[in-house]
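Engineer: what follows is a predicted protein model with its sequence.
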Amino acid sequence: MKKITLLLIMLITSLGFSQNQLARNGQVPNARDYGNSTLQEAMRGPCSFLNPAGAIVNGYGITTSNNWRAADDITVAAGENFTPTNFTFQYLIGNPNTLTTLDFHFYANAGGAPTGAPLFSYLGRTALSQTVVGTAFGLNNVEAAFDLSGSGIVLNGGPVGTKYWVAVTGIIPGGAAAYWTVVAPLVGSPLYSSANNGTTWAGTGLNGIFNLSGNCVVAPISVCGTGNPQPVPASGTGGAGCVFPTLSPAAVSATGNIGAASGDYILDNVQINLTHTWDSDLSISLVSPMGTSLDLSSGNGGSGDNYTNTIFMDGAPSITTGSPPFTGTFQAEGGTFASTFAGQSINGNWTLRICDGAGGDSGTLLSYCINFSQITSVGDPPIIVCPADIVANNSPGTCGAVANFAGVAIDTEDGNISGDIIATPPSGSTFPVGDTTVTLSVTDSDGNTSTCEFTVTVIDNEAP
């Protein structure tokens, strides 16, 4: 799982000059957006994008009682799942009011705009913090942070990446109105807002700001075989020599190899459902795109019938320990997926092959699916501990001071790796007057990296 930060620029719509638009486009008050929010138009590794704040030029309504809401697009990268955890944005509101709660709605995309009913909603969220960070149009510019970790929302990028829209609307006490803070110039795609609870949307040429962060993980690959349901055997009732095998290919479009290193894939499991009288007639195997065959189950089950919700997975009890209808999780009779297909590409057809070795009985292959997942880390990441913040007076006659420090890093597999810590700036540097953030970073033998930060503060204690 990789931590991601979506710093999203919001284009909140102007519906003419209706009440959900605070001011005419292009009007620039003597205020600026001082928040920590930045731009991201798409979620890509490392899923972190920055954009400078600009002059506040407008605001667009997000007040629930007025049926206002505003939305911006995010694009979840191909083959990834995104789970939002935190949301920060800025809005304009009359003093001393603040948002009571905020509702979040996630929409599908059609033609570059939000469409339909929300796919997911997370309602009535109370802010973790609300801080006045500036003023504009005689209103406070407030930055508010929200926790979305309990939303249960997962956005899937699909095979080519998928665009979604994040919309918000809020409850304000006393009938006050709130407006999403909008800055210029326009960067990226336009944002949208609605004056009728998302029934219709319109675009605008200005940028608002919010910060959406969460976790981005490679989505599991699940592909099911084609041609099902189909007869077992493909013709007749079987016999010696597997003359009419039942074949169901599952075409995997992703690329990568089966292995144990970060970035490699694991063949997680194979799932089958079939009906057949006298199970011991059957030999079931999985054939890789390279033509390597692994025996899943052969001659098992005696006169019993069927394989019902049967899952083959490395490390489970052998299928030879089961009994019809073999409901549950078992290891393939011929060995493990990991060793049999080690180093092979996952791209191509993974074919389930079923032979019926005796006449007189037949059945139907109902379904077959194969599942892979990508390894994003190997082993445990190291634990790194920074020293406490350092406060020092400046060296006489200079505008800085030398600071020496050391961190500690322990790794499950490698032990004490404190000597591998990289400090930026390094220990022994001359730090200027004021606060300097120091980052310590360490990487273990598996390629896992951990970081921590502390502050060096140098005080100018000399008279001018």
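Structural biologist: Received, thanks.
Engineer: ok, what's across the strand from residue 209?
Structural biologist: Applying DSSP bridges to residue 209 gives these bridge partners: residue 9.
Engineer: for residue 110, that is, sorry about that
Structural biologist: residue 113.
Engineer: next, the buried residues of stretch 112-124.
Structural biologist: Within stretch 112-124, the residues scored as buried using 16 or more other CB atoms under 10 Å are 113-114, 118, 120, 122. From N, CA and C alone the C-beta is placed, and that goes for glycine too.
Engineer: quick one: mean pLDDT for it?
Structural biologist: Summarised as a single mean, pLDDT over stretch 112-124 is 95.
Engineer: ok so, going back, please identify which of the buried residues of stretch 112-124 is nearest to residue 194.
Structural biologist: residue 114 (7.9 Å; CB to CB).
Engineer: residue ranges with poor pLDDT in the stretch 351-464 of the chain?
Structural biologist: Across the stretch 351-464 of the chain, the ranges flagged by pLDDT under 70 are 377, 464.
Engineer: can you show me the helices along the stretch 301-450 of the chain?
Structural biologist: 337-340 (DSSP state H, counting those that start in this stretch).
Engineer: all strands for it, in order.
Structural biologist: Listed in chain order, the strands of the stretch 301-450 of the chain (DSSP state E, counting those that start in this stretch) span 307-312, 328-330, 348-356, 363-374, 383-385, 390-393, 400-402, 408-411, 415-416, 422-424, 430-432, 434-443, 449-459.
Engineer: dump those strands into JSON lines; add distance to residue 195 as well.
Structural biologist: Below are these laid out as JSON lines (distance: least, CB to CB, whole Å):
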{"stretch": "strand 307-312", "distance to residue 195": "50"}
{"stretch": "strand 328-330", "distance to residue 195": "53"}
{"stretch": "strand 348-356", "distance to residue 195": "51"}
{"stretch": "strand 363-374", "distance to residue 195": "43"}
{"stretch": "strand 383-385", "distance to residue 195": "50"}
{"stretch": "strand 390-393", "distance to residue 195": "53"}
{"stretch": "strand 400-402", "distance to residue 195": "55"}
{"stretch": "strand 408-411", "distance to residue 195": "54"}
{"stretch": "strand 415-416", "distance to residue 195": "61"}
{"stretch": "strand 422-424", "distance to residue 195": "49"}
{"stretch": "strand 430-432", "distance to residue 195": "51"}
{"stretch": "strand 434-443", "distance to residue 195": "43"}
{"stretch": "strand 449-459", "distance to residue 195": "44"}
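Engineer: out of those, flag the one nearest residue 101.
Structural biologist: Nearest to residue 101, of all the strands of the stretch 301-450 of the chain, is strand 449-459, at 32.7 Å by CB to CB.
Engineer: with adjacent residues omitted, what lies nearest to residue 224?
Structural biologist: residue 369 (4.1 Å; CB to CB, 6 or more residues apart in numbering).
Engineer: against residue 311, how distant is residue 245?
Structural biologist: Counting by CB to CB, to the nearest Å, the gap from residue 245 to residue 311 is 22 Å.
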